[in-house]
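Peer 1: Have a look at this prediction, sequence included:
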Amino acid sequence: MRMDYIIASAAAYLIGSIPFGYILVRLFMKQDIRTTGSGNIGATNVARTAPGLGIATLILDALKGFLPVWFICRYISGGTMLVSLAALFAVLGHMFPAWLGFRGGKGVATAAGVFLALSPKAIGLSLLVFLVVFAVTRYVSLASILATACFPAFMYGFLKSADLDAMPLLAASILISLLIIVKHHENIRRLLSGTENKFGKKKVEAVTAED
C-alpha cells in the first residue's frame, strides 16, 4: 500500500478517535459519561447530563470528521482514494477509539462532518430527510438511520456530473452508512418491537441514536 494512504488513514483515525464527549464530561462534570444514561460517548447521551456539553460534543465530533477530509481535499493532491480512506478512518476512529478500549460512539455526527466535506449538497438533502422523519415519528434513531442510508444515493447523483473518479468516494460513503446502521442494531430491534423511546420522553434507560 502506498505510504500516503497509510499516513492519511492513520492520521484520520487518530483525529476521529478523540473522545470529545468523554473528555468534556470528565473535565467539566467530573463524571465518566460511560456510566450514565446509555453509556455512549456521543452527543445525545452527553446532552442528557449537560445540554451545553452535548452541543459542544456534537460540533467537535462533526469537526473531527470534517477537518481531515477537507484538509486532504484542499491541500493534498492525492486523488479520491486518499480522500475516501481519510473519510472512512475518521469515522472508524470515533466508533472504535484506541483510547477507550475500542468502545466508541455510533458515528452519526462524525459521519455528518465527513459527508459535509465530501458533498455539501448531499448532506443537505440527508438533513432534510432527518428532519422530516423526525418531525413525523419523533424517533431520533430512525431519522438518523434513514438519513444516513440516503446519503450515498444523494452523493452519487451529484458526483455523476462531476469531473472526478466517484467510485472510491461512493464506496466509502456506503461503508460508513452500513457501519452506522449496524451500530444502531439495538435501536432497530426496539423500533421493530415498538419499544424504542421517542424524543422528549424521560426514560433514562431507553437509548436513542447517539454518535
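Peer 2: Perfect, thanks for sending it.

Peer 1: what's the neighbour count on Glu135?
Peer 2: In this structure residue 135 is Ala, not Glu. Look at Ala135: counted by other C-beta atoms under 10 Å, it has 9 neighbours. C-beta coordinates here come from the backbone N, C-alpha and C atoms, glycine included.

Peer 1: So what's the gap between the helix or strand it falls within and the chain middle?
Peer 2: Ala135 belongs to helix 120-137 when assigned by DSSP states H and E. Distance, stretch centre to chain centre, for helix 120-137: 15 Å (C-alpha atoms, centre = their mean, to the nearest Å).

Peer 1: go on, stretch 174-188?
Peer 2: Worked out by C-alpha atoms, centre = their mean, stretch 174-188 lies 10 Å from the chain centre.

Peer 1: CA atoms of it as PDB?
Peer 2: Only the C-alpha atoms of stretch 174-188 are listed here, as PDB (Å, rounded to 0.1, in the frame of the first residue of the first chain):
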ATOM      1  CA  ILE A 174     -21.700   3.200   1.500                       C
ATOM      2  CA  LEU A 175     -19.300   1.600   4.000                       C
ATOM      3  CA  ILE A 176     -19.800   4.400   6.500                       C
ATOM      4  CA  SER A 177     -23.500   4.300   6.200                       C
ATOM      5  CA  LEU A 178     -23.500   0.500   6.700                       C
ATOM      6  CA  LEU A 179     -21.300   0.800   9.800                       C
ATOM      7  CA  ILE A 180     -23.700   3.400  11.300                       C
ATOM      8  CA  ILE A 181     -26.700   1.300  10.600                       C
ATOM      9  CA  VAL A 182     -25.000  -1.800  12.200                       C
ATOM     10  CA  LYS A 183     -24.100   0.300  15.200                       C
ATOM     11  CA  HIS A 184     -27.800   1.100  15.600                       C
ATOM     12  CA  HIS A 185     -28.800  -2.600  15.800                       C
ATOM     13  CA  GLU A 186     -30.200  -2.200  19.300                       C
ATOM     14  CA  ASN A 187     -32.300   0.800  18.200                       C
ATOM     15  CA  ILE A 188     -33.500  -1.200  15.200                       C
END
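
Peer 1: That stretch: which residues count as buried?
Peer 2: 174-177, 179-181, 183-184, 187 (16 or more other C-beta atoms under 10 Å).

Peer 1: list the helices and strands the helix holding Ala135 packs on?
Peer 2: Using 3 or more C-beta pairs under 8 Å, 6 or more residues apart in numbering; DSSP states H and E as the contact criterion, the elements in contact with helix 120-137 are helix 108-118, helix 140-159.

Peer 1: Name the SS class of Asn40, please.
Peer 2: coil (DSSP: H, G, I helix; E, B strand; the rest coil).
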